[in-house]
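A.B. asks: Here is a sequence with its predicted model. Questions after.
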Amino acid sequence: MSAAPSVGVLALQGDVREHLAVLRELGADARPVRRERELAEVDGLVIPGGESTVMDKLARAFGLADPLRQRIADGMPVYGTCAGLIMLADRIVDGIEGQQSLGGLDIAVRRNAFGTQVDSFETDLDIPELGDPPVHAVFIRAPVVDEVGPSARALATLADGRVVAVEQGSLLGTSFHPEMTGETRFHEYFLQRVRARS
């Protein structure tokens, strides 16, 4: 096991720099991934927030969609935040025509479930797996998990019961952006999976 796991951040669109900074701060060999050969060199991947429809189109245009699906099917650890959660969902309830996801998480998601940019909000979430204190979560045009299938497990819910963080095997997804608040525990939780497999 190498001391510094090699972790990619899908760098087609979205808040790539922020994830690279957190991962490097935690000791990972973090690098942007835009091409299939770069994907082949990493032990885990973060899919950042951004615009899921654009990310989907670019992943297909860059020839990355099928290799990504294969690596996910092979068990590569992947963490998706916001748009990344949509990309990992098996089902998108309100996707635009032709929108595809990579799949892997047995969930159904709803895009922009909380409204537009002006409806962004912050809240504290109790997440037993991460311990105390609560996670301060920032939601920006965030999706929500409408359905959690039998293979996936909810990690965090809002006060009204809506699911905003899930895990399944080597996959992890959050509706919110821990990389924007100095919260590193989700990335640490993800890196444990990467180290366990590398």
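C.D. replies: In hand now; what should we look at? Residues are numbered from 1 along each chain as shown.
A.B. asks: What segments of the protein are helices?
C.D. replies: 16-25, 36-40, 52-61, 65-73, 83-88, 185-197 (DSSP state H).
A.B. asks: could you check the angle helix 65-73 makes with the third one?
C.D. replies: Right, the one you point to is helix 52-61. Taking axes from the mean of the first three to the mean of the last three Cα atoms, to 10 degrees, one finds that helix 52-61 is oriented at 100 degrees with respect to helix 65-73.
A.B. asks: how far out from the middle of the chain is helix 52-61?
C.D. replies: 15 Å (Cα atoms, centre = their mean, to the nearest Å).
A.B. asks: And the contacts of it?
C.D. replies: 10, 12-14, 47, 64-65, 68, 83, 86-87, 92, 95-96, 99-102, 111, 143 (Cβ atoms under 8 Å, 6 or more residues apart in numbering). C-beta here means a position set from N, CA and C on the backbone, and glycine is covered the same way.
A.B. asks: Show me what counts as buried in it.
C.D. replies: Across helix 52-61, burial judged by 16 or more other Cβ atoms under 10 Å covers S52, T53, M55, D56, K57, L58, A59.
A.B. asks: Show me the strands in this structure, by range?
C.D. replies: 6-10, 29-33, 44-47, 78-81, 89-92, 105-110, 121-125, 135-139, 144-148, 153-157, 163-168, 171-174 (DSSP state E).
A.B. asks: how near is the most centrally placed residue in the chain to T174?
C.D. replies: The residue lying closest to the centre of the chain (Cα atoms, centre = their mean) is G80, at 0.6 Å. Taking Cβ to Cβ, to the nearest Å as the measure, G80 falls 8 Å from T174.
A.B. asks: what does P67 give?
C.D. replies: Noted for P67: a distance of 24 Å to T174, by Cβ to Cβ.
A.B. asks: and I47, what is it in contact with?
C.D. replies: Contacts of I47 by Cβ under 8 Å, 6+ apart are L10, M55, V78, Y79, G80, T81, A83, G84, M87, L88, L102.
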